[in-house]
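Enquirer: Predicted model follows, preceded by the sequence.
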Amino acid sequence: MTFQSKPQKTKLAQLSLLLASACMSLTAWSQDAPQDGVYKDRIDWGVLMDMSGPTSASQGVWVNGFRDYMRRVNEGGGVFGRKINVLAEDNRFNAATDKIAFEKLVTQTPVIAISGMGASVSQVALAPTIKAGKVPIVGTYTTTKALSEPVTPMVYNGFCGYKSMAQAGVGYHVDTLKLKAPKVVTLAIETAGGKEYHDYVAEAVAKFGGTATHLTVKVTAVDVTPQILEIMNLKPDLITIYGVSNTAILTMKALAQYGLNIPTFGITYLGAPQMFQSMGAQAAANYKFISCFTPGGVDQTAGNKAMSAYADSIGRGDMKQDINYVAGWVTGQMAAEALTKLGKNPTRARLIESMSKGFTVNSQGLAAPFTYTASNNTGPVVFKLFGFDFAANKFKSYGDFADYEKYTR
Amino acid sequence: MFEQVFFSGLALGSIYGLVALGFAVIFKATDVFNFAQGMFVVCGAYLAVTAISILQLPFPLAIVFIVGAAALLGVLIHMALIQPLLGRPMLSVIMLTIALSIALRALIEMIFGPQGRSLTTPMPTGVLMLGSVRISYLHLTAALVSWACMAGFGLFFRFTSVGLLMRASADSHEAAVVSGVNVNTMNRLAWAIGSTLAAVGGLFLGQLQIASTELEGIGLLALPAVVIGGMQSIPGAIVGGLLVGIIEQMASTYISPKSSDIVIYVLLLLILMVRPWGLFGQKELGRV
């Protein structure tokens, strides 16, 4: 039998008292935390994106764009005196981590809404939970059928949709290259989004009487020789790429290595200046990317000038040309405007009700204005193609947004 | 098509062999299964970005910078993290290398940001035609430099007194200590060599693609290479790297891209079951 000495008993009692006080404080604090993420001096807004992992190169930049827009809003006094506090959770390209992070933003550190939803796999996994829940998703980074269809007041897509990317990209090339029954290859990483994108490409190509072939490549591929050899066998008129930065870089370099001058366009996520610089002028000569957003510095619209000036002022000048940064910025604008409409008493329920009535996002040139309605949550639908001018060290556009509208009507 | 795929696999396998050699040197000298070897590859790529794009050093000086910095990194890691754990259970050391890998990744992303960095060097671009086979000059340079490094270190271990001392320390720490060899110095040298070899691999991979933390995944392909070749075998690591490169390309071409992982790791499992000391390793015999 063990006897405790008097000093030991005292220590034990002190420890118990300390623990009990801590528990009570924690309970009291948690009861003070509003369930909607709205406080006297701030509003918590959640972001779920891959800030590490194979997609972090693009998604991390998007987060910077979103945060910078909110920073600008806060510098101007916030929304009716409340600062917008961005709580960004790193999904690490892992569906299990997505679920944990999502639950955290819904209950633990509650937010009024969430933006981003980085990877297609996480959208598919969380779609039923989101649609049945209370936290709206305002401005997704990627679009999947699972989350977008059928239309729900809980979800608003905030990036260029795969369907529209495929339609505009294929349509433009068929017209400019005057292709008859085009043969198109979709080179995609092995994800749900890649398969979905190819399906849209095949649908778009079929309208012109052509065929589309799906080739896959690993996310962590070091070399694409097998895929290029297959492309040499297929002899396509056009290639479209879905993947991460390395997918496009390796593909274009390999195509140049094999002397294949096949027009190629990448999805919007593959629009970073570093990618073109890594490809080099020769390999990048045949490469464009399709986008519903305009890179910083490409034109002198009010929205582009404002974003570029602010990015330069806070030392993010190197990011303003990255389409992911622009997309994050525009989504930030969408979120801030949605909050402003609610006035001094924002809540999740009021936010959902307000957005469900429909609204238009006018980024003053960073994208064509896009409208959400009760039956349409697609987001930006007007696209154009961009290439890179190595001499001027900036992007150049091929035509105007209006030239491409016919492809996505 | 077969010749094209084979040469492509050889070029890639040379880089894997280089990284695997670094891994084997560290393991042979210090018995540490270094899960941070992939991040050493990433460090090499970012050291190249620092030297060439940020500091804008002339290329030869940039190489000196990269090699020196990578070697210093290896030495510091051994002194600060590995040496204090001498004699501890292997699991502790393995966990440390995993933690080191995670910490290095986070540090790099904090310093350089999440987006990849392009790396432009004066290394030759363009394509060489050998019959119907197209080989990019960059791949060829990577393969030749890898082979030169492997040959150089092979000669170092075989014909120099320091190399002999390193081999002696690796074979028996106790005997080396008794003979007056400074085993800690030899171990630090092994870590310096291991990290330098990985960094050279990172330089080429960063140029072939883009310098990003995703190069770690490629660096980790050195692990099956070294197990297949033989954990304690220097030639085995090189051959293992070449095999992994060729298998990866062949499987991607003739089966599917995803199948290459299956084929490589099934081979790894078979080797572990049938010949756990690897193709070129030596079976350990114990006297009772």
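Expert: The structure has been received and is ready for your questions.

Enquirer: alpha carbons only for contacts and neighbour counts from here, please
Expert: Will do.

Enquirer: quick one: the strands in the chain?
Expert: Let's take chain A. In chain A, the strands defined using DSSP state E lie at A:42-49, A:83-90, A:114-116, A:137-140, A:155-157, A:183-189, A:211-217, A:238-242, A:264-266, A:287-291, A:359-361, A:370-372, A:384-389, A:394-398.

Enquirer: nope, chain B please
Expert: Here chain B has its strands, by DSSP E, at B:127-130, B:133-136.

Enquirer: ok, back up a step: mind putting the strands of chain A in CSV, mean neighbour count, mean pLDDT and distance to chain B included?
Expert: Formatted as CSV, those follow (neighbours: other C-alpha atoms under 10 Å in any protein chain shown; pLDDT from 0 to 100; distance: least, C-alpha to the nearest C-alpha, whole Å):
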stretch, mean neighbour count, mean pLDDT, distance to chain B
strand A:42-49, 25, 95, 12
strand A:83-90, 20, 95, 12
strand A:114-116, 27, 95, 16
strand A:137-140, 27, 95, 20
strand A:155-157, 26, 94, 23
strand A:183-189, 24, 97, 10
strand A:211-217, 20, 95, 6
strand A:238-242, 25, 97, 15
strand A:264-266, 27, 97, 16
strand A:287-291, 27, 96, 16
strand A:359-361, 17, 94, 28
strand A:370-372, 17, 93, 28
strand A:384-389, 22, 94, 15
strand A:394-398, 18, 91, 15
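
Enquirer: you'd agree residue B:5 is up against residue B:250?
Expert: Yes - contact status for residue B:5 versus residue B:250: in contact at 6.5 Å, counting by C-alpha atoms under 8 Å.

Enquirer: Residue of the stretch 101-250 of chain B nearest chain A, please.
Expert: Closest residue of the stretch 101-250 of chain B to chain A, C-alpha to the nearest C-alpha: residue B:115 (3.7 Å).

Enquirer: residues near that residue, how many?
Expert: 25 (other C-alpha atoms under 10 Å in any protein chain shown).

Enquirer: Give me the nearest residue to it, chain neighbours excluded.
Expert: Of all residues not flanking residue B:115 in the chain, residue A:57 sits nearest, at 3.7 Å (C-alpha to C-alpha, 6 or more residues apart in numbering or on different chains).

Enquirer: Low-confidence regions, the stretch 1-150 of chain B specifically.
Expert: Applying pLDDT under 70 to the stretch 1-150 of chain B flags no residue at all.

Enquirer: now the helices: where do they sit in it?
Expert: Assigned by DSSP state H, counting those that start in this stretch, the helices in the stretch 1-150 of chain B fall at B:2-30, B:37-48, B:59-77, B:90-112, B:137-159.

Enquirer: Can you tell me the closest non-neighbouring residue to residue 122?
Expert: The chain I'm using is chain A. Spatial nearest neighbour of residue A:122, chain neighbours left out: residue A:95 (5.1 Å); criterion: C-alpha to C-alpha, 6+ apart.

Enquirer: Sorry, I should have been clearer: chain B.
Expert: Leaving aside its sequence neighbours, residue B:122 sits nearest to residue B:59 (C-alpha to C-alpha, 6+ apart; 7.3 Å).

Enquirer: again, but for residue B:114
Expert: Excluding its sequence neighbours, the residue lying closest to residue B:114 (C-alpha to C-alpha, 6+ apart) is residue A:57, at 4.9 Å.

Enquirer: how many other residues sit next to the one you found?
Expert: Neighbourhood size, residue A:57 [other C-alpha under 10 Å]: 26.

Enquirer: That one and residue A:271, how far apart?
Expert: Applying C-alpha to C-alpha, to the nearest Å, the value for residue A:57 to residue A:271 is 11 Å.

Enquirer: Pull up the residues of chain B that are close to chain A.
Expert: Residues of chain B lying near chain A by C-alpha under 8 Å from any C-alpha of the partner chain: B:1, B:5, B:8, B:12, B:114-120, B:126-127, B:134-136, B:205, B:207-210, B:212-215, B:217-218, B:249, B:252-253, B:257-258.

Enquirer: In contact with the residue in the stretch 151-300 of chain A that chain B sits nearest to, which residues?
Expert: With C-alpha to the nearest C-alpha, the shortest gap between the stretch 151-300 of chain A and chain B falls at residue A:226, namely 4.5 Å. Contact analysis of residue A:226 by C-alpha atoms under 8 Å, 6 or more residues apart in numbering or on different chains lists B:5, B:249, B:252-253.

Enquirer: same deal with residue A:34?
Expert: By C-alpha under 8 Å, 6+ apart, the contact list for residue A:34 reads residue A:110.

Enquirer: Number of residues surrounding residue A:259?
Expert: Burial of residue A:259 is recorded as 12 neighbouring residues (other C-alpha under 10 Å).

Enquirer: Give me the phi and psi for it.
Expert: Per-residue torsions, residue A:259: phi 70, psi 30 (degrees, to the nearest 10).

Enquirer: Run a quick neighbour tally on residue B:56.
Expert: Neighbours of residue B:56 under the rule other C-alpha under 10 Å: 12.

Enquirer: now residue B:161
Expert: Number of residues near residue B:161 (other C-alpha under 10 Å) recorded here: 11.

Enquirer: Kindly report the same for residue B:174.
Expert: Count around residue B:174 with other C-alpha under 10 Å applied: 13.
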